[in-house]
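Undergrad: Need coordinates for the following:
(2 chains)
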Amino acid sequence: MSKATFAVRAPSLYLGLAATVLFAASYLLALRYSRRQALHARFMIATGLTMIDPVVVRLFSFYTPTFSHPLMYQVWGYGLTDFLLLVLLWRPTMRAQDRGVFLRSALLFPIAHLAWFTIVQGPLWTPFAFWFRSLPLP
Amino acid sequence: MVIDSVLEVRGIIFVYTIIVMRNVLEGQQMVTAELTAYLSTHRDGYGAASPARSHQGAWIFPNVGYFFLALFVGTLFAFWPPYLSNLPNTDAYAHFHAIVAVIWCGLLIAQPLRSARTVRCTAGSELFQKPSHRSSSSKASSSRTIALAS
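TA: Numbering: from 1, shown residues only, chains lettered A, B, ... in the order given. From the prediction side, this is the model:
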């Protein structure tokens, strides 16, 4: 892939990278709280929620009319994910202490999602993507 | 390729989870222990909090497997045009990623459903073992617990 092509496609790197980080964080938190069922279950569910965006985006891409703006696909994918996290924060009821832990941890999701609409679309992301590309990964 | 490397990192995480799939069993034990503690607290009355109030939304966890089952079906449709309809011409990275993702989906579907079944069995055995010690109010409490668990 040429540099020019990669520069154009650099933002899409963020989607996979963010999903990987969120997945790993959720799973590590599920292991960390494996003895507290209310938290363990929520973090395990959160690992699955990282799959919503790729699925929703492709369903919209292949089976619905094209959206007016490319970022609208992530509005739906990330929006649905964050909505389900809010539901998990609300129900099933849990102790206030567990709710605090889950709230602080789940904030990673909307922060990562907001970054897609802000930082990644700006000039800061492309240099990072080129640096990531230069890493000696297989 | 950069994108492939990201997929591979994610795949390694997926594979690691297969090694620690004992979580499935642990999850069942945790749910069972929590329900046993719940029953011991509420068997002789409602205690400090009403079961109905303290377990609002308790139906979510036992049924979350159905949500992920629906998501998996959606995944088949979503990845049909770019991947499933073109399997022979897809690279090994994508196959690896797909296989471990399917395994992970299976875990997310199976674990809640199996845990829910364990809870139902535990609740049933609790009711069966000590029928003579329960008052009428505790019978109502236990019945409500089963209804919530199921």
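Undergrad: Could you check how far residue B:113 is from chain A?
TA: Applying C-beta to the nearest C-beta, to the nearest Å, the value for residue B:113 to chain A is 13 Å. In short, each C-beta sits where N, CA and C put it, glycine included.
Undergrad: Could you do residue B:102 as well?
TA: As defined by C-beta to the nearest C-beta, residue B:102 lies at a distance of 11 Å from chain A.
Undergrad: Okay, and that residue sits in which element?
TA: helix B:92-129 (DSSP states H and E).
Undergrad: Which residue does chain B have closest to chain A?
TA: residue B:57 (2.8 Å; C-beta to the nearest C-beta).
Undergrad: The residue in chain A that chain B sits nearest to and residue B:112: what is the separation?
TA: Scanning chain A for proximity to chain B using C-beta to the nearest C-beta identifies residue A:91 as nearest, at 2.8 Å. Look at residue A:91 and residue B:112: by C-beta to C-beta, to the nearest Å, they are 15 Å apart.
Undergrad: more neighbours, these two?
TA: residue B:112 (24 against 15; other C-beta atoms under 10 Å in any protein chain shown).
Undergrad: Could I get the contacting residues of that one?
TA: By C-beta atoms under 8 Å, 6 or more residues apart in numbering or on different chains, the residues touching residue B:112 are A:41, B:61, B:62, B:63, B:64, B:65.
Undergrad: Give me the number of neighbouring residues for the residue lying closest to it once chain neighbours are set aside.
TA: With sequence-adjacent residues excluded and distances taken as C-beta to C-beta, 6 or more residues apart in numbering or on different chains, residue B:112 is closest to residue B:65, at 4.1 Å. Residues contacting residue B:65 under the criterion other C-beta under 10 Å number 19.
Undergrad: Thought residue B:108 was touching residue B:65, still the case?
TA: Yes. Counting by C-beta atoms under 8 Å, residue B:108 is a contact partner of residue B:65 at 7.1 Å.
Undergrad: Now for these two: what residues contact both?
TA: Joint contacts of residue B:65 and residue B:108 (C-beta under 8 Å, 6+ apart) do not exist.
Undergrad: quick one on the thing from earlier: so how many other residues sit close to the residue of chain B closest to chain A?
TA: Counted with other C-beta under 10 Å, residue B:57 comes out at 14.
Undergrad: So it: helix, strand or coil?
TA: Secondary structure state of residue B:57, per DSSP: H, G, I helix; E, B strand; the rest coil, is coil.
Undergrad: ok now do it, which residues does it touch?
TA: Counting by C-beta under 8 Å, 6+ apart, residue B:57 has contacts A:90, A:91, A:92, A:93.
Undergrad: Perfect, I'm done here.
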